[in-house]
Every structure is written in structure tokens, then in C-alpha cells.
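> Return atomic coordinates for the entry below.
(chains A, B and C)
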Amino acid sequence: MPSTALVWVRRELRVHDHPALSLAAREHERVAPVFILDPGILRGRFPSPARAAFLHGCLRELDASLRGLGGALLIREGRPWDELPRLAGETGAETVYWANDVSPYARARDERVRQALARDGVRVEVCPGNFAANVGSIRTTLGNPYRVFTPFYRAWLEADRRPVEDPPANLTPPSGIAHGRLPAASALGADDPPARLVDPGESAGREAMHAWLAHGVACYADRHDRLAGGTSRLSPYLHFGCLSVRELEARVAGRTGDGAAEFRRQLCWRDFYAHVLLFHPDVARHEMQQRYRSLEWAQDEDLLESWRRGRTGYPLVDAGMRELLETGWMHNRARLVVGSFLTKDLHLDWREGERHFMRRLLDGDEANNNGNWQWIASVGTDSAPYFRRLLNPISQQRRHDPEGEYVRRWVPELRGVPDEHLAEPWRMSESEQQEAGCVIGSDYPAPIVDHAVERKRAMERYRAAGAE
DNA sequence: TTTTGAGTTGTTCGA
DNA sequence: GTCGAACAACTCAAA
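Numbers count the residues shown, from 1 in each chain, chains lettered A, B, ... in the order given. Model (predicted):
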């Protein structure tokens, strides 16, 4: 009887540098990678048509890649703690391999699966997840988890890295097992996905990585804040594990220059927020900083919907929100501006922003999204004062999109507005509005709030909550 | 135990 | 237009 293993694939949708797949292939004669369509995720806390569509494309390609190695991807639908023991029984697998994950749902699910498999005498091997370093083992000198980024970053730079693995040379599947069919994308919840979705899958991800390493990363330090370009746009591939962040980081770590160093530092933020969620699972629902748990948030569905639709009357805010709706992605600088606007101009709960982003973002990742929302809402790990995170959407636009390329791309009503009015189109005279083909209040919304006024109110709200 | 240095990304106001 | 000050005080991490 040949030894058999299952590789439970969740967000490791690749064959390159896949620790669980490589280890299983080294240790067993027969290997069956399996993906389980889990209603706990597809219809769970943060369902997303965009990610469902992207996932569907990734799964198709992964199956093809595995077939190229002699294997195939098994598809099952149901709860993992039911499906994995059943499949282990059918295949005679003695070990199940998977990659570590940090979200509260993933950890509870994995524990339940582990217990179910243990009852059948099936061994579990947890392999490193898609992080550059081992986020669970980085500790302060006293052995505590970090709560501040910079000391974490220093330790992270020094931390051991696992080696980058080659894909297995070939795979032999267990015989006589039904593959299961990948249902149509709509069955995964991919109804009404964004119109302009980036190409899913490992090969597209690797192509994007190589292009970024060849042409982008060297200029990253100077250009990453430029709204019209300058970032890697690799985040969807990293979220779904089409790319190994360990491989990417290793390629960047060997380079000199500010761009490579700064980009590597940004990769560390992924690990940091995973580390935070792992050791402080409460942040999934509550502010990291106790004193801000008493902040009161406005409730106004009309304002919230204007923000979601990109109809606030502030061009940069609207450009960012529309980029998100149309593509499932948003430039990082725009994420900061729209986040500040939601929480400090509209005074709406950061969890509403978190939820909307999770619904729409291809890279929607619980740890990263939560950490960044808490950061821009000034309630998270960052100890800088709240007024340092209160961004002016007008000056941000002038600084980071001076030619208006980004705003004009995503807000077509404003294309005819001259540069000097593009950040504050409502200041145009009536004749200037006519000439620009953009009448404020009919072609493009008037500002839904006055930033100068709301800024003062936000300062007061935060000051009062912090002083309690 | 106590001390010390430091903390992603800003904005406004008035001289 | 440029520049410095004010916007607060606190907690983390290491020595």
C-alpha cells in the first residue's frame, strides 16, 4: 500500500515555492491536492463577488498546472471538518498538509478539522503560510508579541527565513478518486464581479512579479505615492498565494537601493498585521486602543452610500472609490484618503469601511484590511496622534496627482475641468463650469460635507474620547 | 526596576 | 511664499 497524503489548499494557489505541496511530495508516494468550497467563507462574514471570480480563475489554472505535473486538483464542497476526514478515508491518506493562517475563522476551522482527523488517526502537518518570515515566532526580547511596527520590522529583518522551494517534479494521485467538478463562477458567489478584473492565476502573477522586478521596484521609493502609478499591484496575487511572498521577498532582499528596501519594508507590513491578528484576535471586531472603543460613530446610510458609490463631490475620494468598484483594487494612497474621509469627514464607523473594502477588494485580507482601517481611523497599533491621520483630500490630490491623471481616469465628468480647479471644482464660476462641461450639482455632485468644518468636529470627537 | 528613546504615510495657522 | 510651531501625551521595547 503506497503512502498517501492530502494537501489541503486554501490560499496557496500555486505550484512554485509551495511548502505543503513540496513536503507532501517528498514524503509520500501519492499526493492529492484538494480545494474545498467552504460555505463558511463563500457565504461567511466577508463574501465578495470580485474575489470569488478571481478565485475561480486561480483554481482553473492550478488544476491545469497540477495536471502538468501528473496530478490534479480535487474539488469538494462542504464543511472542511466533514470533507477532509471523508476524503482521507477514501484515499487512505495518513497525513493532511496545509499552510498556516491567522484569522480567527481560519484558526477555529483548522482546529476543528484537526480534531476530526485525529479521531480517525490521521496526522496533520501545518506548513508555513504565505508570509515572508514566521509571524508567530517573532517576539520581543521578553518573549512577548510586538505591538509596534518598527521594532517588529527590525526583528523581522533578522529573523530566519525558510528556503524557497522548487515545484515538485511530478505528482502521482491516488487511484480511483472522483475529482469533483469546479462549479461555474456564479456558484462561488461571483455574481456581478468588477468589469475590469486583473488576470487571475499563478502565471499572470509571476509575469506581473517579473515585470515589477525588472522595471518597477527600483523607483518604488520615489513613486509609490503617485496615484497614477508606482506601486507593484501584486496584492491580489499575494492574497491568494498565486505568488509566494517568500519568493518575492527573497528576490527583493538581494537588491540594493532605496526602492528595493522600501518595498521590502512594505512586505513586512503584511507580516506585521498577520502577527497582530494572530496574537490580538479581538482587533477583528474592536479597536486595538481601549480608549477609542468609546468613540461614537454617526449613522447615515445616505452619506455612506455616497462614499461607496464615489459621489462625495471630492474628486480624489470619488476617483478612489470608483477605481475600487470598477477593478476590485485601489491605490494605497487613495485608500488612505478615502479611509480618512469616511472616519473623519463623515464620522462613520471604520468597520463600515472595512466591510465595504472586504466586499470589493481582490486583495481583501482580514488581517491587512483590519490593520490598515484601524490605522487610518487612529484606533489601532499606531501611537501617532489622531491629527496626523486626518488627511485633507484637496491637498492630497494636489500633491499626489498634480496632473490630474488619476482623477480624470476614474471620474470622467471632470475630464474637461482645468488643472487649477480639479481639486476643488465647486469653486469654478458658472461660466467656467459651462466651459468645462461640468456643472456642479448636476454633472458632478457638490461636496456632501465641508472638510474644514468636519475636520474640526473630528478633532473634537477624538480629543474627547481620548481624554476619558 | 527604572530609564530612555522612539513611534509609516499630516495639516493648519500665523509670523 | 516660506517657515516653525502647535496639534498630546502615552506606551512600547530595549538597555
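> Once you drop chain neighbours, what's closest to residue A:356?
Take residue A:356 and drop its neighbours on the chain: the residue closest to it by Cβ to Cβ, 6 or more residues apart in numbering is residue A:308, 5.6 Å away. From N, CA and C alone the C-beta is placed, and that goes for glycine too.
> Likewise for residue A:419?
Taking Cβ to Cβ, 6+ apart, and ignoring the residues beside it in sequence, residue A:419 has residue A:404 as its nearest neighbour in space, at 5.6 Å.
> Pretty sure residue A:131 sits in a helix.
No. In this structure, residue A:131 is coil, not part of a helix, as judged by DSSP: H, G, I helix; E, B strand; the rest coil.
> what's the helix or strand for residue A:98?
Here residue A:98, judged by DSSP states H and E, is contained in strand A:95-99.
> Which neighbouring elements make contact with the following helix or strand past that strand?
Once strand A:95-99 ends, the next helix or strand along the chain (criterion: DSSP H and E) is helix A:104-119. Packing partners of helix A:104-119 (3 or more Cβ pairs under 8 Å, 6 or more residues apart in numbering; DSSP states H and E): helix A:39-42, helix A:80-91, strand A:95-99, strand A:123-127.
> For residue A:442, which of the ones you listed is the nearest?
Taking Cβ to Cβ, helix A:39-42 is the member of the helices and strands packed on helix A:104-119 nearest to residue A:442, at 41.0 Å.
> How about residues contacting whatever helix or strand comes next after the closest one?
Following helix A:39-42 in sequence order, the next helix or strand is helix A:49-68 (DSSP H and E). For helix A:49-68, the surrounding residues in contact (Cβ atoms under 8 Å, 6 or more residues apart in numbering) are A:9, A:13-15, A:33, A:35, A:42, A:72-73, A:75, A:171, A:182, A:185, A:188-194, A:197-203, A:236, A:240, A:242, A:328, A:359-362, A:364.
> Repeat that for stretch A:38-45.
Applying Cβ under 8 Å, 6+ apart, the contact partners of stretch A:38-45 are A:52, A:78, A:79, A:80, A:105, A:109, A:188, A:189.
> Just among the residues you listed, which is most surrounded?
residue A:80 (24 neighbours; other Cβ atoms under 10 Å).
> ok, back up a step: and the contacts of stretch A:38-45, which is closest to DNA strand C?
Closest to DNA strand C out of those is residue A:105 (25.2 Å), distances taken as Cβ to the nearest atom of the strand.
> which secondary structure element contains the residue of the stretch 151-300 of chain A found nearest DNA strand C?
Proximity of the stretch 151-300 of chain A to DNA strand C (Cβ to the nearest atom of the strand) peaks at residue A:151, 3.7 Å away. Element membership of residue A:151 [criterion: DSSP H and E] is helix A:149-158.
> How about that helix and DNA strand B, any contact?
Yes. Using Cβ under 7 Å from any atom of the strand, helix A:149-158 reaches DNA strand B at A:149, A:150.
> Just name whatever secondary elements that helix is in contact with.
Helix A:149-158 sits against helix A:258-279, with contacts defined as 3+ Cβ pairs under 8 Å, 6+ apart.
> got the buried residues for the helix it packs on?
For helix A:258-279, burial by neighbour count (16 or more other Cβ atoms under 10 Å) applies to A:259-260, A:263-265, A:267-279.
> Of those, which ones also sit close to DNA strand B?
Intersecting the buried residues of helix A:258-279 with the contacts of DNA strand B gives residue A:269 (criterion: Cβ under 7 Å from any atom of the strand).
> what about the residue in the stretch 151-300 of chain A that DNA strand B sits nearest to, distance to residue A:218?
Taking Cβ to the nearest atom of the strand, DNA strand B has its nearest neighbour within the stretch 151-300 of chain A at residue A:269, 4.2 Å off. Noted for residue A:269: a distance of 20 Å to residue A:218, by Cβ to Cβ, to the nearest Å.
> now residue A:429
Using Cβ to Cβ, residue A:429 is found at 45 Å from residue A:218.
> Those two: who's more crowded?
Using other Cβ under 10 Å as the criterion, residue A:429 and residue A:218 rank with residue A:218 on top: 17 against 9.
> In this structure the more buried one contacts residue A:261, no?
No. Using Cβ atoms under 8 Å, residue A:218 makes no contact with residue A:261, being 11.0 Å away.
> which bits of the stretch 351-468 of chain A sit near DNA strand C?
Within the stretch 351-468 of chain A, the positions lying close to DNA strand C (Cβ under 7 Å from any atom of the strand) are A:383, A:384, A:385, A:387, A:463, A:467.
> Let me know how buried residue A:199 is, in neighbour terms.
Per other Cβ under 10 Å, the neighbour tally for residue A:199 reads 15.
> Residue A:54 versus that one, what's the distance?
Residue A:199 sits 9 Å away from residue A:54, taking Cβ to Cβ as the criterion.
> those strands in chain A, which residues are they?
Using DSSP state E, the strands of chain A run over A:4-9, A:30-37, A:74-77, A:95-99, A:123-127.
> Dump these to JSON lines, plus distance to residue A:448.
JSON lines is the format used below for these (distance: least, Cβ to Cβ, whole Å):
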{"stretch": "strand A:4-9", "distance to residue A:448": "44"}
{"stretch": "strand A:30-37", "distance to residue A:448": "40"}
{"stretch": "strand A:74-77", "distance to residue A:448": "43"}
{"stretch": "strand A:95-99", "distance to residue A:448": "44"}
{"stretch": "strand A:123-127", "distance to residue A:448": "48"}
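> Would you format those as TSV with mean pLDDT included?
Formatted as TSV, the strands of chain A follow (pLDDT from 0 to 100):
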stretch	mean pLDDT
strand A:4-9	98
strand A:30-37	97
strand A:74-77	96
strand A:95-99	98
strand A:123-127	98
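> Mean neighbour count and distance to DNA strand B added to these, as TSV?
Formatted as TSV, the strands of chain A follow (neighbours: other Cβ atoms under 10 Å; distance: least, Cβ to the nearest atom of the strand, whole Å):
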stretch	mean neighbour count	distance to DNA strand B
strand A:4-9	26	29
strand A:30-37	25	31
strand A:74-77	20	36
strand A:95-99	24	24
strand A:123-127	16	27
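> Between the ones you listed, which one is closest to residue A:322.
Nearest of these (Cβ to Cβ): strand A:30-37, 31.0 Å.
> Would you mind listing where the stretch 101-250 of chain A has pLDDT under the threshold?
The stretch 101-250 of chain A contains no residues with pLDDT under 70.
> how about the residues of it near DNA strand B?
Residues of the stretch 101-250 of chain A lying close to DNA strand B by Cβ under 7 Å from any atom of the strand are A:148, A:149, A:150, A:225.
> So residue A:173 sits against residue A:28, correct?
No. Between residue A:173 and residue A:28 there is no contact under Cβ under 8 Å: 11.2 Å.
> and residue A:47, how far is that from residue A:441?
Distance of residue A:47 to residue A:441, computed by Cβ to Cβ: 36 Å.
> One more: residue A:23?
Noted for residue A:23: a distance of 62 Å to residue A:441, by Cβ to Cβ.
> same deal with residue A:278?
Counting by Cβ to Cβ, the gap from residue A:278 to residue A:441 is 49 Å.
> which one is the residue in the stretch 251-400 of chain A positioned nearest to DNA strand B nearest to, not counting chain neighbours?
Closest approach between the stretch 251-400 of chain A and DNA strand B, counting by Cβ to the nearest atom of the strand: residue A:383, at 3.5 Å. The shortest distance from residue A:383 to any non-neighbouring residue, by Cβ to Cβ, 6+ apart, is to residue A:148 (7.1 Å).
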